[in-house]
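S.K.: One predicted model, sequence on top.
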Amino acid sequence: MLERLRRSPATSALLAALVLAFAATAARPGLLGRFDKDNDLLRAEPWRLLTANFLHGGPVHLLVNAYALTMIGPTVERVYGAVRFWVVFLLGGVLGFVASALFVDAPSLGASAGLFALLGALLGFAVRARDRLVPAARRAMIREILTVAALNIGLGLAVPYVDNAAHVGGFAGGLALAFALHPQERDEPRRLD
């Protein structure tokens, strides 16, 4: 896992940003309420749709999302490159919290909207990569991505306080972005480990 992160500077930078934001909010808990997605404050403070992506409600919340990032991030970064990785995470995360604002009244926070966007972008790549992936590998990739997304949505239905609207919105946003952004070009065969 450390080797994957070493080869993935954008993923590592995002992981560091999440840890730093958590440390800041642990030191000053009132910051969560200043930067989370709060529907009552969004008209005056729309930037909350972005900042909510960097906040976590506790160490377990952070660890779960950090683990997911280390599993998904390096692959997305290798496929799309560092800049597009950030575009998908940030814009997809914002779209996730827009969906949350439409369907969930409670305040919300967490990197999972952006993580679902990364997952959606990976699905978009797999759907489009007919000429880049062996058919069996492509089908397996699509199946695995859909399985992971479905299991997480199912878990969200079973566990209170999980914002499935942000997850679905992020996933849809990432999938849409995958059709707008092109994977980076490479001469050598693409490794997706």
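M.R.: Yep, it's here. Residues are numbered from 1 along each chain as shown.
S.K.: which helices and strands sit right next to the longest helix anywhere in the chain?
M.R.: Assignment by DSSP state H gives helix 135-158 as the longest helix of the chain. Contact here means 3 or more C-beta pairs under 8 Å, 6 or more residues apart in numbering; DSSP states H and E; on that basis helix 135-158 packs against helix 112-128, helix 164-180. (Glycine included, C-beta is placed from N, CA and C.)
S.K.: how about those in JSON lines, adding distance to residue 149?
M.R.: Shown next, in JSON lines, are the helices and strands packed on helix 135-158 (distance: least, C-beta to C-beta, whole Å):
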{"stretch": "helix 112-128", "distance to residue 149": "6"}
{"stretch": "helix 164-180", "distance to residue 149": "6"}
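S.K.: Format those helices as JSON lines; extra columns: mean pLDDT, distance to residue 86 and mean neighbour count.
M.R.: Output for the helices and strands packed on helix 135-158, formatted as JSON lines (pLDDT from 0 to 100; distance: least, C-beta to C-beta, whole Å; neighbours: other C-beta atoms under 10 Å):
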{"stretch": "helix 112-128", "mean pLDDT": "97", "distance to residue 86": "10", "mean neighbour count": "27"}
{"stretch": "helix 164-180", "mean pLDDT": "97", "distance to residue 86": "11", "mean neighbour count": "23"}
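S.K.: Can you check which of these gets nearest to residue 105?
M.R.: helix 164-180 (10.5 Å; C-beta to C-beta).
S.K.: pull the CA atoms of the closest one into PDB?
M.R.: Only the C-alpha atoms of helix 164-180 are listed here, as PDB (Å, rounded to 0.1, in the frame of the first residue of the first chain):
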ATOM      1  CA  ASN A 164     -26.400   8.100   0.600                       C
ATOM      2  CA  ALA A 165     -27.600  11.100  -1.500                       C
ATOM      3  CA  ALA A 166     -24.000  12.500  -1.400                       C
ATOM      4  CA  HIS A 167     -22.700   9.100  -2.400                       C
ATOM      5  CA  VAL A 168     -25.000   8.600  -5.300                       C
ATOM      6  CA  GLY A 169     -24.600  12.200  -6.400                       C
ATOM      7  CA  GLY A 170     -20.800  11.900  -6.200                       C
ATOM      8  CA  PHE A 171     -20.900   8.600  -8.200                       C
ATOM      9  CA  ALA A 172     -23.100  10.100 -10.900                       C
ATOM     10  CA  GLY A 173     -20.900  13.200 -11.000                       C
ATOM     11  CA  GLY A 174     -17.700  11.100 -11.400                       C
ATOM     12  CA  LEU A 175     -19.300   9.000 -14.100                       C
ATOM     13  CA  ALA A 176     -20.400  12.100 -16.000                       C
ATOM     14  CA  LEU A 177     -16.900  13.600 -15.600                       C
ATOM     15  CA  ALA A 178     -15.300  10.400 -17.000                       C
ATOM     16  CA  PHE A 179     -17.100  11.100 -20.300                       C
ATOM     17  CA  ALA A 180     -15.900  14.700 -20.300                       C
END
